[in-house]
Every structure is written in C-alpha cells, then in structure tokens.
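J.: Got a predicted structure plus its sequence, pasted below:
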Amino acid sequence: MTDMQRAPVGDPEDGDVRKFGREAIQEIARLLRAIDTCVLATRGRDGALHARPMSNNGEVEWDGTSWFFAPSAGRMVDDIRHHPEAVMTYRADQRFAWVALSGTARIVDDEDAKRRLWLDELRRWFPNGPDDPGVALIRVESTWAQWWTDAGDGQADLRTIAEPD
C-alpha cells in the first residue's frame, strides 16, 4: 500500500476526499505529466478574473512549481505584477482526471531559465525564441491542490507535511 493510499480520510463533509501535504507532489506530478494544456486564471487590476489556456510543459518534472511563457507586455504579466494569486486547472483528455492548483505567481527575470525551460513548439506564439525581451517567464508556486480521478479524489496543502496516521 502506498503513502497516497494510506492518507487519512478528510472531513465527512468532503466525502471520501483524501488529504495530504507536500508528499502529494509526486502523485500530482504523475497526473500532470500527460496533460498538454491548462487554464491559468489571474486577477486583473479591475478585480475581475481573467483566464486563458496555457501550454503545460510535461517535459519538466513538476515539483510544486509550474512554468509558463507569456508576452511580457501582455495583460497576464500585468495581472501578476499587481495580484500574484493564480489558479490553474487541468483536465486529462484520455482518462478521468482533473487537477486544480492555486498559488502565487511571479515574473522571473532569468535568461538561463528561459532557455532551459523553452520548447520549440512555443515558437508558434513567440517566433523570436526565449531570448526575445518580449517573452516573459512566469513561475507559479502552488500552495493548494485538488484532484479528481477514477482512483479517488484528493486535496493537499502543499505548504505542509501531512500528519502521520
């Protein structure tokens, strides 16, 4: 039996939702690995939520941090500079799996990281590549996760380690 199967059952209001801390990262990474796209929502200056589809780089092992590229002069970058809270939702195409992550986003000014995380498929949106100053790198550090799969549902406070049974 794995640690994920041994996790304590949550509050009766949550049904059979299993609750975890940071030890859930490996399970969440497994779920995200095969999902190509997510919807990333941020809060604009006007207070409204703005959501847009984003490419999920499955080649980067998810460790609680998600990475995205966006136009540096775009609304999303402006949203993050003023309200860093973000929500990402993922849905698997070929299986019953949904993941929702919330956390804090920030713009990363690191040219080496941009080149390391770059995928050629991103040239569709950014034809001048990762060295273009018009391309921003966004880092979202997840603090909370929820997932729903045919194997069961779970939620994790990614800031903590779950209490032992």
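T.: Looks like it arrived, so ask away. Residues are numbered from 1 along each chain as shown.

J.: show me where pLDDT drops low in the chain?
T.: In the predicted model of the chain, residues 1-16, 58, 161-165 satisfy pLDDT under 70.

J.: Strands of that one, residue ranges please.
T.: Counting by DSSP state E, the chain has strands at residues 18-20, 37-43, 49-55, 65-71, 85-91, 97-108, 135-149, 152-157.

J.: What helices and strands are in contact with the shortest one?
T.: With contacts defined as 3 or more CB pairs under 8 Å, 6 or more residues apart in numbering; DSSP states H and E, the secondary structure elements packing on strand 18-20 are strand 152-157. Every residue, glycine included, has its C-beta placed from N, CA and C.

J.: CA atoms only: put the strand it packs on into PDB for me.
T.: In PDB, the C-alpha atoms belonging to strand 152-157 read as follows (Å, rounded to 0.1, in the frame of the first residue of the first chain):
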ATOM      1  CA  GLY A 152     -10.200   8.700  -5.900                       C
ATOM      2  CA  ASP A 153     -10.200  12.400  -5.000                       C
ATOM      3  CA  GLY A 154      -7.600  14.300  -3.000                       C
ATOM      4  CA  GLN A 155      -6.500  17.600  -1.800                       C
ATOM      5  CA  ALA A 156      -3.200  18.800  -0.500                       C
ATOM      6  CA  ASP A 157      -1.900  21.800   1.400                       C
END
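
J.: quick one: Glu141 and Thr65 touch, right?
T.: Yes - if you go by CB atoms under 8 Å, Glu141 and Thr65 touch, sitting 5.5 Å apart.
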